[in-house]
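Engineer: Got a predicted structure here, sequence first:
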Amino acid sequence: MGRQVLIITTNPLSKDKFLSISSEINIAVLSVEPYLQKDQYYSHVGYLRLLVQRTEILFTLLENKIETFLFESDSLWIKNPIPLLQSYANTSDMVFVHNMIHRGSTSVNGGFLYMFPTSPTIKVLHELHRMMMKLADTIKNWPPEKAVSEGENDQVYLNRLVLNKYGGMETTMMPFSEFPDGKWYTASESQRISWHPYVIHNNWIIGREEKMKRAKQWGHWFMKDNSECDDEQVRKIINL
């Protein structure tokens, strides 16, 4: 079987919207409480409950020996990175990209992971799932809109496991110049010109509407008002 893209959503309406574009899209709807079908906010209880389910899905895929590429939808894709990421199959268990944090230091970006179904990867996901289930138990009676410490989430836990080489895991961190995060949008023009990104992650901005607004300002939005693709704008971007 070739590569398959699976879109996972919590809202049945979004599934209908995708399928109205193409009946060939693979999309699954998670069965969740109604409040989880709406927008969630980083480091809040509702958001973390979704991440618990995401971790469980990843663990299940890898346990079944399925090579897995996790990515989120808030990214600009300029070049196909899959051949490059797959080239690390014999040297790495997981391939990561940077998440820029304070004063130039970096961490693993938990929303962009290429995972080979090796024994170390499965051990790491098993432990990550255990940690997330413990967090879920801690917040089980908290209201979904309650904020949670930013030190408690899957990305922080994964960073801890990576730094400790849990399970003997070997990793590769892709260069920021090829896989920048949302700091690309606030970098100087000279920096942006020197980078040659495959993908730009539109993060470091809060809220779906704000992400859409920034994408449109930079010409990184390709859907016309009639829901058709703006092919001309796509060509402009991929030829950057």
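Structural biologist: Now that the structure is in, tell me what you want to look at.

Engineer: Does anything pack onto the strand of greatest length in the chain? Which helices or strands?
Structural biologist: Longest strand of the chain, by residue count under DSSP state E: strand 106-115. If contacts are counted by 3 or more CB pairs under 8 Å, 6 or more residues apart in numbering; DSSP states H and E, strand 106-115 sits against helix 45-63, strand 68-71, strand 94-100, helix 154-163, strand 199-201. In this view, the C-beta of every residue, glycine as well, is placed from N, C-alpha and C.

Engineer: Give the buried residues for it.
Structural biologist: By neighbour count with 16 or more other CB atoms under 10 Å, strand 106-115 contains the buried residues 107, 108, 109, 110, 111, 112, 113, 114, 115.

Engineer: Could you list the low-confidence segments of the chain?
Structural biologist: 1-2, 100-106, 240 (pLDDT under 70).

Engineer: excluding its backbone neighbours, what's nearest residue 148?
Structural biologist: Among residues not flanking residue 148 along the chain, residue 43 sits closest, at 5.5 Å (CB to CB, 6 or more residues apart in numbering).

Engineer: Tell me how far that neighbour lies from residue 220.
Structural biologist: As judged by CB to CB, to the nearest Å, residue 43 and residue 220 stand 25 Å apart.

Engineer: So those two - more neighbours on which side?
Structural biologist: Remark: of residue 43 and residue 220, residue 220 carries more neighbours, 19 against 13, as counted by other CB atoms under 10 Å.

Engineer: can you map out the helices along the protein?
Structural biologist: Taking DSSP state H as the criterion, the chain carries its helices at 12-21, 45-63, 82-86, 119-138, 154-163, 189-194, 208-217, 231-238.

Engineer: Tell me how far stretch 92-101 lies from the chain's centre.
Structural biologist: Chain-centre distance of stretch 92-101: 11 Å, with CA atoms, centre = their mean, to the nearest Å.

Engineer: Please apply the same query to stretch 200-210.
Structural biologist: Using CA atoms, centre = their mean, the offset of stretch 200-210 from its chain centre is 12 Å.

Engineer: what comes into contact with it?
Structural biologist: Identification of contacts with stretch 200-210 by CB atoms under 8 Å, 6 or more residues apart in numbering yields 39, 41-42, 72, 74-76, 78, 97, 99-100, 109, 111-112, 179-186, 211, 214-215, 220.

Engineer: Buried residues of that stretch, list them for me.
Structural biologist: Buried, per 16+ other CB under 10 Å, within stretch 200-210: 200, 201, 202, 203, 204.

Engineer: from those, which single one is nearest residue 122?
Structural biologist: For the buried residues of stretch 200-210, the closest approach to residue 122 (CB to CB) belongs to residue 201, at 26.0 Å.

Engineer: So what pairs up with that closest one in the strands?
Structural biologist: residue 75 (DSSP bridges).

Engineer: That one and residue 44: what is the separation?
Structural biologist: Taking CB to CB, one finds residue 201 at 20 Å from residue 44.

Engineer: same deal with residue 59?
Structural biologist: 23 Å.

Engineer: Tell me which of these two has more neighbours.
Structural biologist: Between residue 59 and residue 44, residue 59 has the larger neighbour count (other CB under 10 Å), namely 21 against 17.

Engineer: ok, now which ones touch that one?
Structural biologist: 122, 125, 126, 128, 129.

Engineer: how about the last one, what does it touch?
Structural biologist: Residue 129 makes contacts with 55, 56, 59, as judged by CB under 8 Å, 6+ apart.
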